[in-house]
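# how would this look folded up:
(2 chains)
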Amino acid sequence: MMRRAARMLVFLILFAWSLGAAAQGVATPVTRLSDQIFVSGREVRFEHLATSRGQPVVRIDDGGLASLLQIIGAKMQYQPGTRFVVFTRADGTLISFTVGSNAVSVDDTSTAIPFGPFYEDGQLYVPLLGLSQALGLFVHRFRGGYAFAPQIVTVQRRVGQHRTVVEIQATAPLVWRSAYDGSAKHPTFTLTFPGFANAAGSTVDMGGREAKTLVIRRFGPPGFPITYLSIDVMHGVKLAAHRTGSTSLDLVLARSERDLALSAVVARPSVQVSTVPKSVPSLVPTQPPTPVPTLAPQISAPVPTAVPAPEVTDNGTTPSASSSPEASGASQGPSPSPLEKITDVSVIDTADASRITLSLTGPVSFEWHRLAEPDNRFWIDISQAALIGPARDIVVKLATVRSVKISQHQVLPDHIVRLIIDPSQPIDVSIGAIEGAPNQLGIDIHARPPPEDAPSSGVGLLPAVEPSPQPRVAITAGPSHPNLIVIDPGHGGNDPGAINQQYGLVESHLTLAIAQRLKTDLERSGWHVVLTRDGDYEVGDPNGNDDQELQARCDVANAAGARLFISVHINSSFSSGPSGLTTYFWRPSDRALAQMIQSATARASGAGDAGIKRENFYVIHHTVMPSVLIENAYLSNWHDAALLAQPTFLDRLAAGIAQGIKDYTGGAPAP
Amino acid sequence: MLAVIAIFAGCSRHVTVTPSPHLTVYYCKAGSDDLVRVPFTVDSKLTGSALATYAVNQLLAGPSVGRDSIVLFPAGTEATVTTEGDVATVDLNGSIVRSFQGGAGDEVGMFKSLTYTLTGLPGIKNVQVLVAGEKKAALPGGHLEIDDPLTRETFAQ
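Next up, the predicted model:
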């Protein structure tokens, strides 16, 4: 109902605007316009801003138009040579313009504007006012410029049994910050929105039980309109803000935490934080594993690798994503593969080698990795495979091998069985089909160092036998890997980070959940992504000290020659007051990256923007590429914690970080 | 305090407490890494490591007045403080050895308050933090790099 009301308002605005305006005819030639344009408080610079019929128009390929759309989360589809220009608002509303027509459709409603898109000197121009209003932005003309911003169109009070709810509906997604002042006679909650309110200056009677009055005011310079909602509440009353739709917001005033939650949350007091997105989109496979028809050659080398230390889980239910670009390629296909079972594991020892044989029910693909000196660990991930029986140690007699473990490493989104070899000194490993023994995968461990030029990872197929002699994505030390981003989910393993017991939230779980979502978002945009950890474990040696743990995270990115390093954390404080997002950087040259990620994440998530800060944090100091550390809201703040308990909020955080990366890089380079 | 001074003054002319102008303890402002300056009056005979220890203990104990400052060091944190040249070395022990539960802002505020307090003492320019007797890259579970001496410039934005 509210969304329809908002659409109707847009319709009425457009209709009213069209009255009295010449609706037909060819636009007069454009003349350059130097007015300032502000969108939700941010100045947007246009290269091809012009005026036609006294209205601002913009060329369709102007970067400023792209920025405008990006700020409000809208998208444009236009194919040069066609007659239609279609925009999609953040709430999914479709807006369609037709070149040469003054009709514009907003979803299923059509109305007229003074003039539609038109060609001039072979370039297509779009009327900026009509577009902005169709997008849900209120337009304010001031001397020297225009301000476009969301407008709050309704503020309604609803009194429940134990709480009062203020329903706010706007024409576009709102971003807000909240503050609490308990010093006055009546404590005051103040919410601040960049944007307009049609009821600015009015006061809403709140009934007097939870709150007395709600006052709507507008402040701010012409280009940056700010609307304040000040609510005088009774002592002991708390406030929670819930986004109920892309353009709607509920403010809940209550005395107990239980009543502050939306009803859906009340029914689910202990929120389970999923570490896997509810709907994991199918990844586009990169290249199929390389089938080689003969026995595997030597495959290891003491080359630093970009993937994290492996983990063998005991319960076989680690819901983690793949840890490397290779992993996603090796474990994903265009269609789901049938699950093959590993029915038996056997060992044959000789004087200087051990062969582990895995008996399978059918063909599988696998990938392997080895860590550089002094770690030397080697592991094999077998995709779409189920281990029959529990995780177990495999005893080999080779003196240079401390342990071999096999486990069901992952069940969702893929079934992956991981076998990990932990040697005391460099070993040489061969993997391949065993001749004359179908569906038998042999892993030969030799007590000798690998060849110097051996790669550090690779993929293979059974029964097509051997792994490729070269990794598909060569991740080596030294040269930059411009397609690769390393994401570091903060904490993990023995170090859970901050904890919010009320919501059952653990920082190390949340950072992983956000990092996995971010990985998905970035891979969809063409990036290769490596997580420093893809489960709840230490990146470095579990028995190592804290310093080694921090350095291990840096090593992943440095060894890979990654383009960017993004460390994901959740903030906490001994005080419950601080809230919002903070992005930290250390090198002055990383300030721009921090600012872009901060702005985009605050915008996308709706969390408060606590700004960027420069601090000498270890992981952003000891990584050699542009690096930032994002503290995504506060577990110690009840409002932030309520947000962090919502998987959709984690989605928005990840989407914001991804957008910030895109803003900084301009997008993934072509492969 | 005046009563204490009077009692000491009555006992002996030599045991007087002379206000010292050079001790300011910097507490962290609640909810931010801004600092709140709290001046302390100490015996002027208190110098060097003893003065530095006194200052850090006041910091760990928290402000006695003022509602807008906060102790960020976990309860049970102990510190051994020594000074040599322009370096004050603070060996932290107790609760802080276990994983630090505060966030990045608290961590920065905590070390910032420690650094500002000690570098406010005569001749002290650097603060070397040790954790359980050893240099550490960061606190367990922490972020801020502390293996090199901290200075006020460390916290310059």
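
# So the most centrally placed residue in chain A: helix, strand or coil?
Nearest to the geometric centre of chain A sits residue A:654, at 1.8 Å (C-alpha atoms, centre = their mean). Secondary structure assignment for residue A:654 (DSSP: H, G, I helix; E, B strand; the rest coil): helix.

# For the residue lying closest to it once chain neighbours are set aside, list the residues it contacts.
Spatial nearest neighbour of residue A:654, chain neighbours left out: residue A:517 (3.5 Å); criterion: C-beta to C-beta, 6 or more residues apart in numbering or on different chains. All C-beta spots, glycine's among them, are computed from the backbone N, C-alpha and C. Contacts for residue A:517 were tallied using C-beta atoms under 8 Å, 6 or more residues apart in numbering or on different chains; they are A:277, A:650, A:651, A:653, A:654, A:655.

# Low-confidence bits of the stretch 151-300 of chain A, can you list those?
The model of the stretch 151-300 of chain A has pLDDT under 70 over residues A:183-184, A:262-300.

# Same question for chain B.
Residue ranges of chain B with pLDDT under 70: B:1-22, B:31, B:65-69, B:99, B:157.

# Am I right that residue A:502 is in contact with residue A:642?
No. The criterion here is C-beta atoms under 8 Å, and residue A:502 misses it with residue A:642 at 9.4 Å.

# So for these two, which sits in the more crowded spot?
Comparing residue A:502 with residue A:642 by neighbour count (other C-beta atoms under 10 Å in any protein chain shown), the higher total belongs to residue A:642, at 25 against 15.

# before we move on, what SS does the more buried one have?
What three-state DSSP gives for residue A:642 is helix.

# How much space separates it from residue A:230?
To residue A:230, residue A:642 is 22 Å away according to C-beta to C-beta, to the nearest Å.

# same question, residue A:447
In terms of C-beta to C-beta, residue A:447 sits 74 Å off from residue A:230.

# next one: residue B:32
23 Å.

# who's in contact with residue A:159?
Contacts of residue A:159 by C-beta under 8 Å, 6+ apart are A:165, A:207, A:209.

# Filter those residues down to the buried ones.
For the contacts of residue A:159, a burial check counting by 16 or more other C-beta atoms under 10 Å in any protein chain shown picks out residue A:165.

# just the contacts of residue A:159 now: which is nearest residue B:137?
Nearest to residue B:137 among these is residue A:165, at 48.4 Å by C-beta to C-beta.

# Quick one: low-confidence residue ranges for chain A.
Under the criterion pLDDT under 70, the flagged ranges of chain A are A:1-30, A:81-82, A:107-111, A:183-184, A:262-338, A:389-390, A:410-414, A:435-437, A:463-480, A:671.

# tell me which residues of whichever strand or helix holds residue A:421 are tucked away?
Applying DSSP states H and E as the criterion places residue A:421 in strand A:416-423. By neighbour count with 16+ other C-beta under 10 Å, strand A:416-423 contains the buried residues A:416, A:417, A:418, A:419, A:420, A:421, A:422, A:423.

# Test my guess that the first one contacts residue A:386.
No. Distance between residue A:416 and residue A:386: 9.8 Å, which falls outside the contact criterion (C-beta under 8 Å).

# Need the overlap of contacts for those two.
Jointly contacting residue A:416 and residue A:386 under the rule C-beta under 8 Å, 6+ apart are residue A:408.

# Now residue A:362: closest residue in space that isn't a chain neighbour?
If the residues on either side of it in the chain are set aside, residue A:362 comes closest to residue A:340, at 4.4 Å by C-beta to C-beta, 6+ apart.

# show me the contacts for the one you found.
For residue A:340, the contacting residues are A:360, A:361, A:362, A:363, A:364, A:384, A:385, A:386, by C-beta under 8 Å, 6+ apart.

# how about a cut-off of 6 Å?
Remark: with contacts taken as C-beta atoms under 6 Å, 6 or more residues apart in numbering or on different chains, residue A:340 is in contact with A:360, A:361, A:362, A:364, A:385.

# For the strand holding residue A:421, give me every contacting residue.
Applying C-beta under 6 Å, 6+ apart, the external contacts of strand A:416-423 come out as A:310, A:312, A:342, A:376-383, A:385, A:387, A:400-410.

# Show me how far that strand is from its chain's centre.
30 Å (C-alpha atoms, centre = their mean, to the nearest Å).

# Run me through the strand neighbours of that strand, direction for each.
strand A:378-383 (antiparallel), strand A:401-410 (antiparallel) (DSSP bridges).

# Three-state assignment for the residue of chain A positioned farthest from its centre, please.
No residue in chain A sits farther from the centre than residue A:351, which is 50.7 Å out by C-alpha atoms, centre = their mean. Three-state call for residue A:351 (three-state DSSP): coil.

# Can you pull the phi/psi pair for it?
The phi/psi pair for residue A:351 (degrees, to the nearest 10) reads phi -60, psi -40.

# Okay, it and residue A:246: tell me how far apart.
Relative to residue A:246, and taking C-beta to C-beta, residue A:351 is found at 68 Å.

# quick one: buried residues of stretch A:481-501?
A:481-500.

# most centrally placed residue in chain B?
What sits nearest the mean C-alpha location of chain B, by C-alpha atoms, centre = their mean, is residue B:56, with 3.1 Å.

# Spell out which residues of chain B are next to chain A.
B:30-31, B:99, B:102-104, B:106, B:108, B:136-138, B:140-141, B:143-145, B:157 (C-beta under 6 Å from any C-beta of the partner chain).

# Give me the buried subset of those residues.
Buried by 16+ other C-beta under 10 Å: B:30-31, B:99, B:102-104, B:106, B:108, B:136-138, B:140-141, B:143-145, out of these.

# Just the ones in helices from the residues you listed, please.
Among these, the members falling in helices (DSSP state H) are B:104, B:106, B:108.

# I'd guessed the last one sits against residue B:33; true?
So that's residue B:108. Yes. At 4.8 Å, residue B:108 and residue B:33 qualify as touching, with contact defined as C-beta atoms under 6 Å.

# Check for me that residue A:133 belongs to a helix.
Yes. Residue A:133: assigned to a helix according to three-state DSSP.

# can you count the residues close to it?
When neighbours are counted by other C-beta under 10 Å, residue A:133 registers 25.

# give the contact list for the residue nearest to the centre of chain A.
The contact partners of residue A:654, taken as C-beta under 6 Å, 6+ apart, are A:514, A:517, A:518, A:521.
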